[in-house]
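Engineer: Any chance you could fold what I've pasted below:
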Amino acid sequence: MKKRDYIVSLTAEQQEELKRMCSQGKSTARALRRAQILLWADEYRRGGKLSDVEIAERLNVHTNTVHLVRKRFAEQGLQATLERKKRLTPPNSPKVTGELEDQIIALSCSPPPEGKSRWSLRMLADKAVELNYIDSLSYDTVDKI
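Structural biologist: Numbering: from 1, shown residues only. Have a look, this model is predicted:
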């Protein structure tokens, strides 16, 4: 099955934006690489557009990367091509819920264990596990509450 050739036709404003972005170097490496791919794949490029293979060799990337950047530009536009796609859901669900937060805060407001002047983060984490609020809990997690 042959890959569809997605055409990159940049306007003068888009070309200037990408050139400015590449010359300033304040963007992420991924965004700069994508900008260079678009500039070299542009139909209106002085000297003609480069092939996917030529672009891949110049940037030391795979030809599929070049193809996917062209495809994303054709389907979603310039901004979507340069920006990283946002995740809809986090990779892991949060371990600490609002109810557990409330329990740990209430625990921290209670009198500290005998012989201690105040609760430490480690003591709060250990006590929450001891009281079966949660299976395991790090003091770093307690610190974020």
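
Engineer: Residue 77: neighbour count?
Structural biologist: By the measure other C-beta atoms under 10 Å, the count of residues near residue 77 is 11. For every residue, glycine as well, the C-beta is placed using N, CA and C.

Engineer: Helices of the protein, start to end?
Structural biologist: Along the chain, counting by DSSP state H, helices occupy 12-24, 29-41, 52-59, 63-76, 78-82, 98-109, 121-130, 139-143.

Engineer: of all these, which lies closest to residue 90?
Structural biologist: Nearest to residue 90 among the helices of the chain is helix 139-143 (14.9 Å), distances taken as C-beta to C-beta.

Engineer: residues in contact with the helix or strand bottoming out on mean pLDDT in the chain?
Structural biologist: Ranking every helix and strand in the chain by mean pLDDT, DSSP states H and E puts helix 139-143 at the bottom, with a mean of 84. For helix 139-143, contacts defined as C-beta atoms under 8 Å, 6 or more residues apart in numbering pick out 95-96, 104, 120-122, 124-125, 128.

Engineer: repeat that with 10 Å
Structural biologist: 94-96, 100-101, 104, 107-108, 119-128, 134 (C-beta atoms under 10 Å, 6 or more residues apart in numbering).

Engineer: Could you turn the buried ones of those into a ChimeraX selection?
Structural biologist: Selection of buried members from the contacts of helix 139-143 for ChimeraX, criterion 16 or more other C-beta atoms under 10 Å:
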select :96,100,104,107,108,119,121,123,124,125,127,128,134
